[in-house]
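Trainee: Generate coordinates for the sequence data below:
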Amino acid sequence: MEAAADELGAGDERRSEVPSRLDQRSAAERRRSPRRLEAVPGQRTVLTDLADLEFEDPATVDDATPGRGEPVEYRSAGSFALCASRRRLECMAIAKQPVVVLDAPDAAELGQFYGKLLDWKVAVDEDGTWAEVTSDSWPPICIQQVEDYHAPSWPSQDHPQQMHLDVIVEDLEAAEAAVIEIGAGKAAEQPGETFRVFLDPAGHPFCLCRA
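Mentor: Coordinates of the predicted model:
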C-alpha cells in the first residue's frame, strides 16, 4: 500500500512539473515548439491557452461534417478552434436592417406622398435631396433626389421599374380614390383582379393589394 502511495505521489509530482516547464519557455521557444492538444472523440475540447496552439493551414484541416448529435473528431485543438470559427462566421449575417431607397426628381415631394399614403412620419434633409418615411415598427422608406431622372415605363422595359412596393388595403375602391387624391396616377394596364397598379408622383409603380 505504501509503495503504491509513493508511486501515486511521484506521479503527482511529475504532473506538477509540467506547467512550470511550460511557464519557463520563452515566447520564441513556444513558436518553435507549439503545444498540440488532441481532442478525445465524443468529448468536448476546451481551449485554455491559445498562445500555445499551432493553427493549421485551413487547406489541411481535416474537419468532419457530422450529423446532429454525432461526436466530432479533430486532429488538434488548432483544428477545433479553426472549425469553430468557421461555423460562427457561417451563422453570422453579412448585413442587417435593409431599407428601400427610391430615386426621385424631388425627394421631399415623394416623401410627403408616401407619408400620407402610410400615415408615417417624414423627415427631409436640409438640402432637400434626401427624405425618410418612418414608422415605429417597420423599416423606413428612403428617397434620394437625382438629376436627369427618368421615370420607369412600366410595363415596358425601356426604363424598367426593377422594384416596386405592394401595400395592403381593406377596400380597393376606397383606397384608389384616396391615393389619387394625394397625387398618385392609375396605370393604364391592370393585370390583376385582387390588386391595382398606380404610379407615385415620381412615376414608380406601386400596387394596392386587397387584404
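
Trainee: Tell me the strands beside the helix or strand containing Asp166, with direction?
Mentor: Under the criterion of DSSP states H and E, Asp166 resides in strand 165-169. Counting by DSSP bridges, the strands paired with strand 165-169 are strand 205-210 (parallel).

Trainee: what's in contact with the partner strand?
Mentor: With contact meaning CB atoms under 8 Å, 6 or more residues apart in numbering, strand 205-210 is reached by 152, 154, 161, 164-170, 172, 175-176, 179, 184, 187, 194-200. Bear in mind the C-beta positions are built from the backbone N, C-alpha and C, glycine included.

Trainee: What subset of these is buried?
Mentor: Buried members of those, scored by 16 or more other CB atoms under 10 Å, are 152, 154, 161, 164, 169, 172, 175-176, 179, 184, 187, 195-200.

Trainee: quick one: which of those residues sit in helices?
Mentor: Judged by DSSP state H, helices contain the following of these: 172, 175-176, 179.

Trainee: want to try a markdown table for those, with pLDDT as columns?
Mentor: Below are these laid out as a markdown table (pLDDT from 0 to 100):
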| residue | pLDDT |
| --- | --- |
| Leu172 | 94 |
| Ala175 | 95 |
| Glu176 | 95 |
| Val179 | 96 |
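
Trainee: from those, which single one is nearest Gln97?
Mentor: Distance ranking of those against Gln97, using CB to CB, places Val179 first at 27.6 Å.

Trainee: Verify the stated contact: that closest one with Tyr114.
Mentor: No: at 10.5 Å, Val179 does not count as touching Tyr114 under the criterion of CB atoms under 8 Å.

Trainee: What separation do you get for Pro160 and Thr134?
Mentor: 28 Å (CB to CB, to the nearest Å).

Trainee: so what does the one helix or strand Glu132 maps to touch, helix or strand wise?
Mentor: Using DSSP H and E, Glu132 sits within strand 130-134. Here strand 130-134 touches helix 107-118, strand 121-124, strand 141-145, going by 3 or more CB pairs under 8 Å, 6 or more residues apart in numbering; DSSP states H and E.

Trainee: Pro98: which of those is closest?
Mentor: strand 141-145 (10.9 Å).

Trainee: helices or strands up against the closest one?
Mentor: Here strand 141-145 is seen to pack against strand 100-104, helix 107-118, strand 130-134 when contacts are counted using 3+ CB pairs under 8 Å, 6+ apart.

Trainee: Dump those to CSV, plus distance to Asp148 and mean neighbour count.
Mentor: Formatted as CSV, the helices and strands packed on strand 141-145 follow (distance: least, CB to CB, whole Å; neighbours: other CB atoms under 10 Å):
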stretch, distance to Asp148, mean neighbour count
strand 100-104, 11, 18
helix 107-118, 15, 21
strand 130-134, 18, 21
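
Trainee: Take those and lay them out in CSV including mean pLDDT and distance to His204.
Mentor: Listed next are the helices and strands packed on strand 141-145 as CSV, based on pLDDT from 0 to 100; distance: least, CB to CB, whole Å:
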stretch, mean pLDDT, distance to His204
strand 100-104, 94, 6
helix 107-118, 97, 8
strand 130-134, 97, 13
